[in-house]
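**Student:** give me a model of this one.
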Amino acid sequence: MEKVAFISVPSFSKSVWLNSRMADITEVQVKFLNEDRNSVYRIESYSDINSYLDKAEILVVITDGNIFIDRDTLWNRINNMPKDVGLMAHLLQHSNNDTAYIDDQFFMIRTSAVSSLDFLEVTDTGLELIRSVQSVHDDYTPLEITLGTNTVNRTMKFGSKLIEHVLSNGMRVTNFDNEWRYGTHVPEYVQDGTQLPIRGYLYPKKSTAQFEEMLRTWKLVDGVDDAQEKFYHIINRYMNFNFVNVKSFEVPAERPEVQVVIAPAAGFIGELTAHYTYAEKLILFDINPNNIEFKKHLYANWDGNNYENFAKEWCDSKGLAMEPSRPGDLAYADRYTKETKQHVIDNWNQFRHFEVEFMHIDIIKDMDKLLADVEKTPRRKPSTLLHTSTILQYDKFIFTTLFYSKEEVDAAIEKIHANPNIFWYWPGIEIE
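**Tutor:** I've put the predicted structure just below:
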């Protein structure tokens, strides 16, 4: 049995298009969160969770529309859910509710606390479910629920039966308190001065038509929910690219031998790939103009010493943040520190005289431009390696999912396949 497994549920809004888009976004987010590659199960109704109670110690139920802003903190807290807690959820009880219930957006069940799940909304008679005096925020989000001794008439809403079941089995039912709601690793360049949560929800059943229009046009629309508007501003702040990727957390391609490497201008992924493939020319592309400008500055002015100090001075002079900054991403990037130092930094004088070209482009929209100078007919074998990172993996990268249709991504991929002079590489593919 796994420690953690994920249960993915549709958003159930009235828009088929929006439900599909929420599913795409959440699928990407779960992969982003799922550091240990635990099982992810897709179900069609909450009652289907019963079929997975034997799969993991903790089931994390995620309704489409979730986004994860501080992955490292959330992942750590999921894996350290208190052992005496059987249900952790957004507990709700408004002044007109006689019984607590849960929000369906995100909740965690310890499977040893339940034998079956019942989400039916009914009016019945049973032991009183007592909310704590303390709330997480406002006055309708009790910090904890306990089981009373008085028999009362109860209006059981979504999750009320689950709360009762867990409590009857001697386990605790708690809300996501402020320690769970907020983290410490949210990048400064996506903040506006307010504290961001580690996880957010886009509420697709609210302002559905307006939210759909906003996503289709990527323009702020009157009437969208506050969470949807905040999401819009967070993404836009990221897309201002007020940062530089001074380290890469991508896997370099180590073969085959080629004449030209085309790679993202992030860290030294292009240079490392060029070293491994014995290339003679390097084309560095990026949608982030700061990555391009930094690499130009690097080639023109860096002497090969104190790379991080050199990068920090340039970023500080431009008012830009350095990425990666999250502990998990830094740890991933540092896996390539030894190879980068040995093969690139220690030989920087040779790389400085390498034939290098820089292109500030959106490769999904500008694939023709990127491939314009690639020979269409190879002499004997493909002589160009194209490293596209994750941008063309529709189910891996949230910004691809947000801003492009799958048809647009497939069209860009087809242009690569149409050129016989290209080896196409992305992290995870095996090159023969």
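**Student:** so what touches the least confident helix or strand in the chain by mean pLDDT?
**Tutor:** Every helix and strand in the chain was compared by mean pLDDT, DSSP states H and E; the lowest is helix 327-333, with a mean of 80. The contact list for helix 327-333 (C-beta atoms under 8 Å, 6 or more residues apart in numbering) reads 35, 71, 72, 75, 185, 247, 248, 249, 267, 323, 324. Bear in mind the C-beta positions are built from the backbone N, C-alpha and C, glycine included.
**Student:** mind doing that once more with 10 Å?
**Tutor:** With C-beta atoms under 10 Å, 6 or more residues apart in numbering as the test, helix 327-333 has contacts from 35, 71-73, 75-76, 184-185, 245-251, 266-267, 269, 323-324, 326, 340.
**Student:** again with stretch 232-242
**Tutor:** So stretch 232-242 is in contact with 67, 69, 186-192, 196, 200, 211, 214-215, 218-221, 224, 286-291, 315, 318-321, 398-399, 402-403, going by C-beta under 10 Å, 6+ apart.
**Student:** from those, keep the buried residues only.
**Tutor:** Buried by 16 or more other C-beta atoms under 10 Å: 67, 69, 186-187, 189-190, 196, 200, 211, 214-215, 221, 224, 286-288, 290-291, 315, 320-321, 398, 402, out of these.
**Student:** helices - which of the residues you listed land there?
**Tutor:** Filtering the buried ones among the contacts of stretch 232-242 for membership in helices, criterion DSSP state H, returns 211, 214, 215, 290, 291, 315, 398, 402.
**Student:** the residues you listed into TSV, with extra columns for distance to residue 55 and pLDDT?
**Tutor:** As requested, these are arranged in TSV below (distance: C-beta to C-beta, whole Å; pLDDT from 0 to 100):
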residue	distance to residue 55	pLDDT
211	33	98
214	36	97
215	32	96
290	44	97
291	41	97
315	45	97
398	26	87
402	30	91
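**Student:** quick one, helices of the stretch 1-150 of the chain?
**Tutor:** Taking DSSP state H, counting those that start in this stretch as the criterion, the stretch 1-150 of the chain carries its helices at 16-33, 71-78.
**Student:** to residue 391, which of the ones you listed lies closest?
**Tutor:** Distances from residue 391 to each of these were compared by C-beta to C-beta, and the smallest falls on helix 16-33, at 12.4 Å.
**Student:** tell me the helices and strands packed up against the closest one.
**Tutor:** Contacting helix 16-33 under the criterion 3 or more C-beta pairs under 10 Å, 6 or more residues apart in numbering; DSSP states H and E are the following elements: strand 2-9, strand 40-42, strand 56-63, strand 66-68, helix 71-78, strand 199-201, helix 208-217, helix 398-403.
**Student:** break this protein into its domains for me.
**Tutor:** Taking automatic domain parsing as the domain assignment, the ranges for the chain are 2-181, 244-425.
**Student:** same list, those, but as a markdown table with distance to residue 229 please.
**Tutor:** Shown next, in a markdown table, are those (distance: least, C-beta to C-beta, whole Å):
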| stretch | distance to residue 229 |
| --- | --- |
| domain 2-181 | 14 |
| domain 244-425 | 15 |
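**Student:** give me the distance between the closest residue to residue 369 other than its chain neighbours and residue 281.
**Tutor:** Nearest in space to residue 369, with sequence neighbours left out and distances taken as C-beta to C-beta, 6 or more residues apart in numbering, is residue 361 at 5.9 Å. Shown here: residue 361 relative to residue 281, a distance of 17 Å by C-beta to C-beta, to the nearest Å.
**Student:** and stretch 155-175, what's buried?
**Tutor:** Those buried within stretch 155-175 under the rule 16+ other C-beta under 10 Å are 156-157, 159-167, 171-175.
**Student:** any idea of the mean pLDDT in it?
**Tutor:** Stretch 155-175 shows an average pLDDT of 97 in the prediction.
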